[in-house]
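**Q** would you be able to build a 3D model of this:
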Amino acid sequence: MSHPAPYPVRLADEITRQLGQLADHLSQLPPPQAAQVIAHVLDPDAGVLGGVTHLVATSSHFAKDQAEQGTLPAEVWLALGRASNELHITLDLDEHQDTLQRVGTQPATTAVKPPVPAPLVVRRRR
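**A** Sure thing, here's the model as predicted:
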């Protein structure tokens, strides 16, 4: 007889399922609503990305303790630490949250002229 998964594992599975649903909904939303959803996801205090960043940072601390005790290889701790550092991009995305919220709350109006597309520029700060 198999044992049921413990609550935290079931919780992680449910969160993963719901994130998939959110992504599916996001791809079908009109731009203003999609912008609102993205702004909520990027909220560093209460958003999904901030929550995931906190979870990975907590995992890194756990892995460090376990690596020091010899129960996990140090490479696991190092990989989680790198992932945690990379996820701190929320600080970079935070500056765009106001723009996304503004786009998401603007009333639909008939534009005199269509918006001018902006050239896409890739910037990476280190």
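
**Q** quick check, pLDDT for the most centrally placed residue in the chain.
**A** Centroid check for the chain by C-alpha atoms, centre = their mean gives residue 49 as the closest residue, at 2.5 Å. The predicted structure scores residue 49 at 89 on the pLDDT scale.

**Q** and for residue 115?
**A** At residue 115, pLDDT is 66.

**Q** let's number from 45 now, not from 1
**A** In the new count, where the first residue is 45, that last one comes out as residue 159.

**Q** ok, the residue nearest to the centre of the chain touching residue 82?
**A** No - taking contacts as C-beta atoms under 8 Å, residue 93 lies outside contact range of residue 82: 9.9 Å. Quick note: C-beta positions are derived from backbone N, CA and C, even for glycine.

**Q** mind listing what's buried in stretch 86-99?
**A** 86, 87, 88, 91, 92, 93, 94, 96, 97 (16 or more other C-beta atoms under 10 Å).

**Q** surely the last one meets residue 129?
**A** No - because the distance of 9.8 Å does not satisfy C-beta under 8 Å, residue 97 is recorded as not touching residue 129.

**Q** contacts for the helix or strand encompassing the residue nearest to the centre of the chain?
**A** Per DSSP states H and E, residue 93 falls inside helix 92-113. Helix 92-113 has contacts (C-beta atoms under 8 Å, 6 or more residues apart in numbering) with 63, 66, 84-88, 116-118, 120-121, 124-125, 127-128, 131-132, 134, 137.

**Q** counting contacts, what elements does the next helix or strand along the chain from that helix pack onto?
**A** Remark: after helix 92-113, the chain's next helix or strand is helix 118-131, criterion DSSP H and E. Packing contacts for helix 118-131, counted by 3 or more C-beta pairs under 8 Å, 6 or more residues apart in numbering; DSSP states H and E, involve helix 92-113.
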